[in-house]
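J.: Have a look at this prediction, sequence included:
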Amino acid sequence: MLHARQQTAPATRLDTQLLRIVVIIPAFNEENSVGSVVRDIPAHLVEEVIVVNNNSNDQTAVEAARAGATVLHEPIQGYGRACLRGIAYAQNRQQKPDVVVFLDADYSDYPEEMPDVVAPIAAGTADLVIGSRALGHRESGSMTPQQVFGNWLATTLLRWLYGVRYTDLGPFRAIRFDSLLALGMRDTTYGWTVEMQLKAAKQGLRTTEVPVNYRKRIGFSKISGTVKGTVLAGYKIITTIFKYW
């Protein structure tokens, strides 16, 4: 059985000015929320906010640029594919980032909590930090019962098969850039988050979780908002877990 080196403790706010931090936000038809997400990110903390417009047919790209983000375009839909597009851009920056933060464009996360998510990396105690909605406060209705059950099932399987304890597959996360590249991420759709966590376990990365709060998203969920999306996401997450075992 493989074990990642883990700890679970609340992060403390630290000076992160010595870290080059970029944020990657995959976005598909999030014109009503993406601007708020970008504006709520602590400006002093990050060098660049990258919104990957994932084949949107609304004003997502316009609103993201208006809020000050660098906008990339990934015409083939897929959450993981959009993340990979953002990583490729970061890799080609003149100054490579030290840390990459991922969060969603639907305003369900609280971007102002980013210092807490990055703090364990800044302290040199973690390579990967998951913002856990299970450890934080979830607004009523922010997660569907099938999402809560799916997270429980996936994290239970990760513990059984990979010997690593997580409470969530939350999208709000931070990772050292060199560690991210070493993971060799491949998934282009719903298996992205769990692939990162299980590969971190296989490679023995130092991982931790910090509590993050979660609210009802703006707009309609393309995954949990439909039966088809829920089933496909659940299937992909479970098959990804067994794929790398």
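T.: Arrived safely, thanks for sending. Numbering: from 1, shown residues only.
J.: So for the chain, the centremost residue is which one?
T.: The structure's the chain has its C-alpha centroid closest to residue 171; by CA atoms, centre = their mean the separation is 3.1 Å.
J.: does that residue sit in a helix, a strand or a coil?
T.: coil (DSSP: H, G, I helix; E, B strand; the rest coil).
J.: is it true that it touches residue 103?
T.: Yes - when contacts are counted by CB atoms under 8 Å, residue 171 is listed as touching residue 103 (6.1 Å). (Glycine included, C-beta is placed from N, CA and C.)
J.: Now the common contact residues for the two.
T.: Each of residue 109 lies in contact with both residue 171 and residue 103 under the rule CB atoms under 8 Å, 6 or more residues apart in numbering.
J.: Going along the chain, name the helices of the chain.
T.: Listed in chain order, the helices of the chain (DSSP state H) span 34-40, 60-66, 79-91, 114-122, 145-162, 177-183, 192-202, 227-243.
J.: now for the first one, which elements pack on it?
T.: Contacts defined by 3 or more CB pairs under 8 Å, 6 or more residues apart in numbering; DSSP states H and E place helix 34-40 against strand 21-27, strand 48-53, helix 60-66.
J.: Can you give the distance of that helix from its chain's centre?
T.: Helix 34-40 sits 16 Å away from the centroid of its parent chain (CA atoms, centre = their mean, to the nearest Å).
J.: same deal with the fifth one?
T.: If you compare the mean C-alpha spot of helix 145-162 with that of the full chain, they lie 17 Å apart, counting by CA atoms, centre = their mean.
J.: so what does it touch, helix or strand wise?
T.: Right, helix 145-162 is packed against helix 192-202, helix 227-243 by 3+ CB pairs under 8 Å, 6+ apart.
J.: ok and the longest one relative to helix 145-162, angle-wise?
T.: Which is helix 227-243. Angle, helix 227-243 to helix 145-162, by axes from the mean of the first three to the mean of the last three CA atoms, to 10 degrees: 10 degrees.
J.: which residues touch helix 227-243?
T.: Under the contact criterion CB under 8 Å, 6+ apart, helix 227-243 has outside partners 144, 146-147, 150, 153-154, 157-158, 161, 169, 187, 189-191, 194-195, 198, 221-224.
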